[in-house]
Structure formats: structure tokens, C-alpha cells
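S.K.: no sequence for this one, just the structure:
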């Protein structure tokens, strides 16, 4: 055999021998550590407690149940230290005499090897170490003095002086004749420092814990675990006496001559152990090398084939990847093209619709008979429906492209709910369906979030309920999530509803919400900022309901319950899909519960921020004219009475609820009576002069004469759904206080706009003559002096200081500045170029005035020029409010705009015009 092969076999043998030595040492240490831990247990529970917590039965059971942690021990025993002066008392307590080992040099393993009763009592010594506890396998050593044996005595004395585990020399275990060793640990009365002296350790010694290790079993088990094709022979020696080593395991079977020695460390520095290893097989014949070479060649060819196949596979994967990337680019280009198409179509449709709706609005301000007004109103509502449909399609497109973002502004949730109820109030008059809204007093009066998107969600849900509800009620409620979690614990009466008709269980619509636990009834309070507000909104109706099999698809875009729905009620089927996406953007969840012919309940949660004001107590709304007044509400339906009381209390009125008219009305300012109560009690009512009587009616067909009776004060009619502004206007007319026309036909809004715009000189810039006429007409209607321009360059010229304009309404998409660029998806910045040039000019002039390069007298004594610029656009995808502000504009109005939107924006930035511009 070559020297290279010999060296390789030596390295292999050394590696295998070292591995087995390390494994043997590690497994021995596991058992040794457990024995040391048992010594601590004995110290604590036997010597550290009075009375002791350990007896023979406890010790035997514990050692037997933990024997699997000491697989290499034959038994465990504990011997206590007894001084000669304590012997008599100790033997009396134990009930036996301390015995001497006599000629037994090894601790017996099995009881049948000898009879302990035959042993003689231990002679008088300075101290003894009798065994008091033992595992059942060696329980026969109880009462034997371990110090009376030569080997064991030396072992015990060395263990207590060193404070470490001490091993005996190998000895044959009785009956099995297998070699083993005893490991002894001293047990101390208290914890000693590592540097304690031997004298201190002897004084504090309480006893000794010993365990027997079967070395042959340990090595055989180890070799069985590490069995390999190239078997080696292993011998273990105790080399404490180097001249006469003791063989603990192995045989003298011949080998090929290679030999390796690995050192063993069993934790006792006084005893040395070694493992000797050698190969069992002879060196291989030369033909083995040839066979090996052939095998290596075959393996190499196989590896080459695998490598070749792998490279082919990688090449194919790369080709597929490039193909997928190309398809991805095409899909992205198609998505951009779709967005561009939708934006362009939106602009092209909304621009003429702005003219149509604006002209119809202006036509309604002219003198028209009732029929003509009806025609104009119908045309205007149809135009609004078309604009709403366009907005829904564009919202869906923005959601799919991930470009829909939410605003963060302060808003009044109660006012938004009032607006939604007002929007649908006229559609329910003929159906005799009651529409109501309720907001818990714990919901803050001001929240921070996106009010328009919140309004859109509620409008979609209420609009769907109105489509499919022909009787009963539609009820919108807003609570904090914590409130609902508490209310859900209380069982609800199925007939305790707004119209006393059964409804779908609201708790079922929250079943999948992560906010609640798996049962859907316990609120899970997640860590959140202190100013975070979690609200939950439910829209409950008594309509047709939705079949269970259709629940899964109602939130899918362009999907409806059935094909007959779109034919009967119309709609695109994307309202709920958009609502679901908006709810997710608000970090909320949405669900439904529905029963056919019973009704549906949609519930969603949303996360807002507290606006910083105190929680609304419902006593500080619009008017202080009714503050402190007392009213009585007569309604036998507790749910409906709660809603009516909520709206009346918003005006600062103190309300008491009763179920009938058998009351004293002398001290009241006003009396609210539900229509059904009035109908049943008509002819039996006598109020005298006071209070004012107001009937809460659900139908516009009910007139004052319908509710009048001979001898009864003619009541005032309050139409539902109740809203704060409508209720205040009705009370002003009934009580004869305040401005009776304050809330009629939007005259307050018109008056405020007149005050804001009268005498203002405003420049309107739009390239579309119709839109220009509409915008100019709307502003002139409120007293503004309007100058119009059709080009951006003309606007720049007119707005170059000094000028006399208070504000400018500018279309942000005009085909001049950098040429005709109506394809504006790729040219966002160019749309605002006119505004940027105006701001640059103003900044340059302001800086030169401050530096003294220009005279402030030449610029009408104004040192800081900044004309208010309001954006006008039909582009509802890209022309966002943030983009307008970024380019220097002061506000944003989406076409077609109305008086309310115009007032909201103008009142915001005209407040400071008088302070900044002449």
C-alpha cells in the first residue's frame, strides 16, 4: 500500500476515534450532571427543610422515574454523615444498626449476592457514612457504612474535600461481572464559595450521593450508534497507574497495525482514561482501487449528465422569466393605457356634463312653471346619476391600479350622516319606509380622516337598502367598537326594532371580524394610540334580503345577486366592491347578515383619529335658541323613541319619553308625538294653549289638515328622517323664534356666498366656452365681478403684479403653454405650468421689493403679492388636491361643481384675502 494511502487511513482512524471518544465523554457527562443535580435536591429538601421532605419511599420513586435520564447507572444511593457522638441517637431514629462492609470491596448491585443481615455492626470510628436512601435496584445497601470499605472510603473522603465528582477505579460488578465505576458527590449543608478550603468543606459536609456506571454498556451503545462500513476496534483503559493500566472495555483482536489513542476526561482529575482504536479490516487489495476508480468515473458521468440537464433547465427558466417580464411590461402598459383612457374619457364626459348641469341649475333660477321645473329637475338628477356612475367606474379603476389614497382632514361624522339622510329622504316618501340615523354619544364630535370616502361608503349601503326595501325601515347606527362588544353580550328582542318588523341579526355580520374573538362577541383590545377611534357602522333594513348562496359574491365587482336584479333595480354592481376596498383602506372590515324576505344588515368598521375635542354630549349643536327648553316625546316604540330623542337633544332640549298621551303638559315648551299615536288619540286630546305640538310624520302626503281635529290645536308637521338642521327649522317656525327662512332652499348658503363674493374681482380661465359661461354665471350670481380668459398665457399676463384681481378660477388642463398635451397621464407637471409661472413672477417681485430694487408704491403699496388660485378640472384621477397645493394653487373644485362645494372652498381661502390683497 502506498504511503499516501497509509496516511489517509491514519487520518480516518484518528477522526473516527476522536469522534467516539468525544461522544463517550459527552454521554458520561450527561449522567454525571444529573447526579450532581440530585445532590442539590437532597441538600435542599432533606437537609434544608425541617421536617425533611425526603424519605426512602420518595427517594426510591424519584430515582426510579428519572432513571431514563441516567441510562448508564445501575443504581443511586445516598449516605449521610454521622459522627460517633451521634451514632446512638441516629440508630434509634432509623431502627437499624450501622453495618460494616467487611470483605465486600464493591458496592453490590443485586440483593441475591449476599445477605446484609449477616454483616457485622461497624466498629467504633470517628464518623460513619451509612446509606439511608437507595434506589430499589440497590436498596440492600441501606445501613451499610460506606467509609468502612477501602475503595469507597477513599472515594468519599476525596469527594468531600474537593467538592467535585470523584471516580473509583474500575471494578467488576457483581453477578454481571461487567466493569464499572462509582461516581461520588459530597452534599453540603449550605452553598460554599468555589475557593472554600478542604477544612471548611469537611465541616459543612452533610452526606454523600453515589451512582454506579456500567462502562461496557456505555461503550457498546455508543459503537452501535456510530456503526459504519469501515468498523474499528475500541478499547477503553484506566491509566491512572500508567505502568499498570486497567482495561475497562475491549478485546485484543488482531488488526492491520494502525493504532490511535484519544484521551478521555470523566471529570475526576485524579483518574486518567484513554480510548485506543484500530481498524478491524485489513488494507484493501489493489483491485478495489480499480473498482473504486470505475465507480468514480460512472458517478462523474452521472454528475455531468445532471449538470447538463440542470443548465438546460436554467436556460429554459431564464427564457420563461424573460417572457414573463415581457408579458408584465405589456400588462403594465395596458394598465397605463386603461388608466389613460379612463382619465381621458372622464374628462371628456365630465366637461360637457359640467355645462349641462350648470346650465340646468341656472335655468332653475329663472321663472318656470311647475311642469317646467319638474322637467329641469328630472334632467338634472339624470345628469347627476351619470356623473355618479362615472365616478364609480373611475374609483374601481383607481382601486385596481392601487392609486386610491385617503385624505386626512377634520370632519363631523354626525353632519355627514345627516347629509346622507337628506340625500335619500325624498326617495322614501312614497314607499312609506322609515329612514333613521343614530350616532352614539361616545363617538367624538370631530374625527380626522377622509369624510368624502366615509360618506361614499354609507351612501352606497343606504342606497342599496332603499332599492330593495318596500316596507318597514332602514336604520343607520354608529357606535364605538367597544360599545358594540358590550351590547352584543345582551340578548336582543327580535321585535325590538325601528318598525317592529324582524331584522337580520347584526352580530352575524360581524362574525368574521378580526376585531372580535372567534365567537364574534368579545372585543379584542389591540395596542393602538390613545387618540385612535374605532367606530362600527351598521345599516339595517327590512327589504327583500339576500340568499345565502349569494353572500360570497355581493362584494365582487360587477356582480349582483341575480340577473333579474339589474333588470328590476338597475345598477352596475360595483358599489359594494368599492365600499369594501374603501373600508380596508380605513383599516376596517365589512360583513353582512341577510335573510330572504326578512332583510339585510351590513356592518363595517373604520379607524379614525380623535379630532382633539371632547366627546359630544349632544347638547351643543346649531342653535342656542332652544337651550334649556323642556319637551315630551310620545312614542310607544323604544327604539324609535331613542332615535327621536337623540336628534331633539342635539338642539339642547331636555327630553322625556313616554308611551302615551295620558300626561300633564302644562310645564312643557313643546310636545313631540309620533304619527301613529296621534292617529289613535285624535279627538281625545285637550292641550289648551301650551305646549307647541309637533307631529313626527314619515310621509310627505300627510298635511296639516290630515292631523287636525275640531277643538284641537293645529299641530306642526316634522318630516322624517330627522336631521338637526331640518328639526331646527321646523321648531323655529313652530316657536316663532330666529330666522324662519334660515334653512329653507339653501338661502343661508346663498347669503353667505353673497357676503363672500360681492364686489370681488375674479378671473376665470377655461378653454371651454360653455364651462367658462357656467363658471362665470355661478360667480356672478353671488355678486362677483368676473373677467374671463381662454388661454394660460393670457391669465399670466392679467395676473402679473400689479393687478386688481382677488382670486382666479383656473382650469388645469388647457392646450397652450407647452403645446397641445391632452394626453396628460405622462405630463402631470405641464398641466400646472401657468400657475407655476404666476407664482414665480410673484416671488420674484416680492423679493425685489424687499431688497429695494422695486418701489412698493409702484405696486399699489403691496409688498407681498399672492393671488388666490382655485383649480377647476373634470379630471378626478390625477388632479388631486395635494397636486394642486404642490404646484402653488390654493384650492380645488371638481367639475361639475355646485353652490355647496363652491362655498366650502371659497369660504376657506377668502377669509384672508382682505388681509393680504387690496
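M.R.: Done, it's in. As the structure is a computational prediction, the values presented were derived from the model and not from experiment.
S.K.: all contacts plus neighbour counts: C-alpha atoms, from now on.
M.R.: Will do.
S.K.: And the closest residue to residue 274 other than its chain neighbours, how far from residue 231?
M.R.: Take residue 274 and drop its neighbours on the chain: the residue closest to it by C-alpha to C-alpha, 6 or more residues apart in numbering is residue 263, 4.6 Å away. For residue 263, the distance to residue 231 equals 20 Å [C-alpha to C-alpha, to the nearest Å].
S.K.: For residue 362, see how far away residue 762 is.
M.R.: 19 Å.
S.K.: Who has more neighbours out of those two?
M.R.: A count of neighbours by other C-alpha atoms under 10 Å puts residue 762 above the other of residue 762 and residue 362, at 23 against 14.
S.K.: Quick check: beta-bridge partners of that one?
M.R.: Assessed by DSSP bridges, residue 762 has beta-bridge partners residue 786, residue 807.
S.K.: tell me the pLDDT at it?
M.R.: Turning to residue 762, the model gives it a pLDDT of 90.
S.K.: these two touch, right, it and residue 787?
M.R.: Yes: here residue 762 reaches residue 787: they are 6.2 Å apart, a contact under C-alpha atoms under 8 Å.
S.K.: Please enumerate the strands of the stretch 451-600 of the chain.
M.R.: 473-480, 532-541, 590-595, 599-610 (DSSP state E, counting those that start in this stretch).
S.K.: which residues sit in contact with the closest residue to residue 439 other than its chain neighbours?
M.R.: Distance criterion C-alpha to C-alpha, 6+ apart; nearest residue to residue 439, sequence neighbours excluded, is residue 478 at 4.7 Å. When contacts are counted by C-alpha atoms under 8 Å, 6 or more residues apart in numbering, residue 478 touches 438, 439, 440, 443, 535, 536, 537, 538.
S.K.: Residues in a beta bridge with residue 478, which ones?
M.R.: residue 439, residue 537.
S.K.: how near is it to residue 536?
M.R.: With distances taken as C-alpha to C-alpha, residue 478 is found 6 Å from residue 536.
S.K.: Low-confidence regions, the stretch 101-250 of the chain specifically.
M.R.: Across the stretch 101-250 of the chain, the ranges flagged by pLDDT under 70 are 102-117, 172-177, 227-230.
S.K.: List the residues that contact residue 301.
M.R.: Going by C-alpha under 8 Å, 6+ apart, residue 301 touches no other residue.
S.K.: and the host helix or strand of it, how far out from the chain's middle?
M.R.: Under the criterion of DSSP states H and E, residue 301 resides in helix 286-364. How far helix 286-364 lies from its chain's middle: 31 Å, per C-alpha atoms, centre = their mean, to the nearest Å.
S.K.: what about residue 207, is that helix, strand or coil?
M.R.: Here residue 207 is recorded as strand under DSSP: H, G, I helix; E, B strand; the rest coil.
S.K.: so it touches residue 81, yeah?
M.R.: Yes: here residue 207 reaches residue 81: they are 4.7 Å apart, a contact under C-alpha under 8 Å.
S.K.: quick one: which helix or strand includes the residue nearest to residue 274?
M.R.: Per DSSP H and E: strand 260-264 holds residue 263.
S.K.: so what's the residue lying closest to residue 855 once chain neighbours are set aside up against?
M.R.: Distances taken as C-alpha to C-alpha, 6+ apart place residue 849 nearest to residue 855, at 6.2 Å, with adjacent residues excluded. By C-alpha under 8 Å, 6+ apart, the contact list for residue 849 reads 855, 856, 863.
S.K.: On the pLDDT front, check the second one for me.
M.R.: Among the per-residue scores, residue 856 shows a pLDDT of 86.
S.K.: ok, it touching residue 865?
M.R.: No: Residue 856 is beyond contact range of residue 865, at 10.9 Å (criterion: C-alpha under 8 Å).
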